[in-house]
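J.: the following comprises the amino acid sequence and a computationally predicted model.
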Amino acid sequence: MNIATIGLDLAKSVFQAHGVDGAGKTVLVKKLHRKQMLPFFSKLPPCLIGVEACATAHHWARTLIAMGHDVRIMPPSYVKGYVKRGKSDALDAEAICEAVGRPTMRFVPVKTVEQQSILMAHRTRSLLVRQRTMAANALRAHLAEYGLVANPGIANLVKLADRAFADEALPAYAHRALEILIRRIAELTEEIGALDQDLKAWHAGNEASRRLAAIPGVGVITATALAATVTDPDQFRSGRQFAAWLGLTPQQHSTGGKTRLGGISKQGDRYLRRLLVVGATAVMRHAKRNPTPMTDWVNGLLEKKPFRLVSVALANKLARIAWVLPTRGETYRPYGRPV
């Protein structure tokens, strides 16, 4: 059996493989249990294996590459168009097998264990921040029921809660609820701080991350996320293509020779896109106090466009700069071209 290409539909326990020979003829349709994966692929001659970017995709890619196979990961949205009919694991594997051989297909670089660990720290930190925000909002709402309103900020909220907790006029049930929320916010803040220290340590030893952090609106968090996610900036032909990959470019609706641009596509990495928009918003809030060519451009745009639209436009610009610096080995200069 001469297998040239395999489409592999990943799962937790039962995997589906679809293989073709050099002429494109189907020679393999096989269901594999997890314990059969390593013995099966270790006996195969090196071939091209396509998988969708999903949970465990990078783990299996690294494992199969170590066996000598050429493994390529594809975004699921790009594979969907090759599904001929219905929905089953066998049909998905066949679609993956066909898509991986297309010359225009775009692939996701395989991440190393270190890069995935940094991204795990980012996802965990993002989860903890959301949980802390939920606890803080609950605490703020409960205090408001007793006529206690805190100024913005976690620190001000906790101070007010401590003062309310010391008030003996509050019922015991309220004291217990306040104690739980205050303790939870403190625990989450400590855990977020520990993850921040880990990210700062990795940032200090990573040249690409340090280079990216010099861009306005791109701090340690955004820089480490970019450096760990975009392992090979050369996979994008231009900064515009990188911004489009992040979903920061307008969707185009063209027909009959007429071109219409809508809102941003919101495709690609949602986490990176959110970090860049938040960073752009921070730059805009200080635009008038810290004049630079970038803030001059922002202020000019704000005279004609809404704040939210300008923040996305600036995030697009930051993404393009973030592509240029590692691609060309340059450093950011606020008053001139990168060098």
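T.: Everything's here; your move.

J.: so who does Trp245 touch?
T.: 236, 267-269 (C-beta atoms under 8 Å, 6 or more residues apart in numbering). Placement of C-beta: from N, CA and C, glycine included.

J.: include distance to Ala213, pLDDT and secondary structure when you put those into a markdown table, please.
T.: Supplementary listing: the contacts of Trp245 in a markdown table, determined by distance: C-beta to C-beta, whole Å; pLDDT from 0 to 100; DSSP: H, G, I helix; E, B strand; the rest coil:
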| residue | distance to Ala213 | pLDDT | secondary structure |
| --- | --- | --- | --- |
| Phe236 | 20 | 87 | coil |
| Gln267 | 26 | 74 | coil |
| Gly268 | 21 | 77 | coil |
| Asp269 | 18 | 84 | coil |
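
J.: now for the residues you listed, which pair is the farthest apart?
T.: Phe236 and Gln267 (14.0 Å; C-beta to C-beta).

J.: let me see the mean pLDDT of stretch 85-98.
T.: Taken as a whole, stretch 85-98 has a mean pLDDT of 92.

J.: same deal with stretch 7-22?
T.: pLDDT averaged over stretch 7-22 gives 94.

J.: next, the distance between the ends of that stretch.
T.: Its start and end residues considered, stretch 7-22 measures 14 Å (C-alpha to C-alpha, to the nearest Å).

J.: same thing with stretch 21-28?
T.: 9 Å.

J.: centre of the chain to it, how far?
T.: 36 Å (C-alpha atoms, centre = their mean, to the nearest Å).

J.: for that stretch, which outside residues touch it?
T.: 1-4, 6, 17-20, 94.

J.: show me the contacts for Leu38.
T.: Thr63.

J.: doesn't it belong to a helix?
T.: Yes: membership of Leu38 in a helix is supported by DSSP: H, G, I helix; E, B strand; the rest coil.

J.: surely Leu188 touches Ala135?
T.: Yes: Leu188 is in contact with Ala135 according to C-beta atoms under 8 Å; the separation is 6.9 Å.

J.: pLDDT score for Val51?
T.: Val51 is given a pLDDT of 96.

J.: wait, it sits on Leu8?
T.: Yes: counting by C-beta under 8 Å, Val51 sits close enough to Leu8 to count as a contact (5.0 Å).

J.: which residues in the stretch 101-250 of the chain form helices?
T.: Counting by DSSP state H, counting those that start in this stretch, the stretch 101-250 of the chain has helices at residues 113-144, 154-165, 172-204, 207-212, 220-229, 239-245.

J.: buried ones in the shortest one?
T.: Meaning helix 207-212. Across helix 207-212, burial judged by 16 or more other C-beta atoms under 10 Å covers 208-212.

J.: for it, what is the average pLDDT?
T.: On average, helix 207-212 scores 92.

J.: check which helices and strands that helix sits against.
T.: helix 172-204, helix 220-229, helix 307-328 (3 or more C-beta pairs under 8 Å, 6 or more residues apart in numbering; DSSP states H and E).

J.: so which of these is nearest Val71?
T.: Of these, nearest to Val71 by C-beta to C-beta is helix 220-229, at 18.7 Å.

J.: and the nearest residue to Gln115 once chain neighbours are set aside, how far is that from Leu10?
T.: Nearest residue to Gln115 in three dimensions, chain neighbours excluded: Ala228, at 4.6 Å (C-beta to C-beta, 6 or more residues apart in numbering). Per C-beta to C-beta, to the nearest Å, Ala228 is found 22 Å from Leu10.

J.: check Gln241 too.
T.: 27 Å.

J.: those two: which is more packed in?
T.: Leu10 (21 against 15; other C-beta atoms under 10 Å).

J.: I'd say the more buried one and Gly50 touch.
T.: No: the pair Leu10 / Gly50 is not scored as a contact, 10.8 Å apart, by C-beta under 8 Å.

J.: ok, and which of the helices and strands packed on helix 207-212 has the densest surroundings?
T.: Compared across those, helix 220-229 shows the largest average neighbour count, a mean of 23 (mean count of other C-beta atoms under 10 Å).

J.: so the residue nearest to Gln115 is in contact with Met120, correct?
T.: No: taking contacts as C-beta under 8 Å, Ala228 lies outside contact range of Met120: 9.6 Å.

J.: so for the residue nearest to Leu44 when sequence neighbours are not counted, what's the pLDDT?
T.: Closest residue in space to Leu44, ignoring its immediate chain neighbours: Ile3 at 6.5 Å, by C-beta to C-beta, 6+ apart. Residue-level confidence at Ile3 comes out at 93, pLDDT.

J.: how close does Ile3 sit to Met120?
T.: Using C-beta to C-beta, we find Ile3 at a distance of 34 Å from Met120.

J.: before we move on, what about Ile182?
T.: 29 Å.

J.: so where does Val283 fall, helix or strand?
T.: helix 270-285 (DSSP states H and E).
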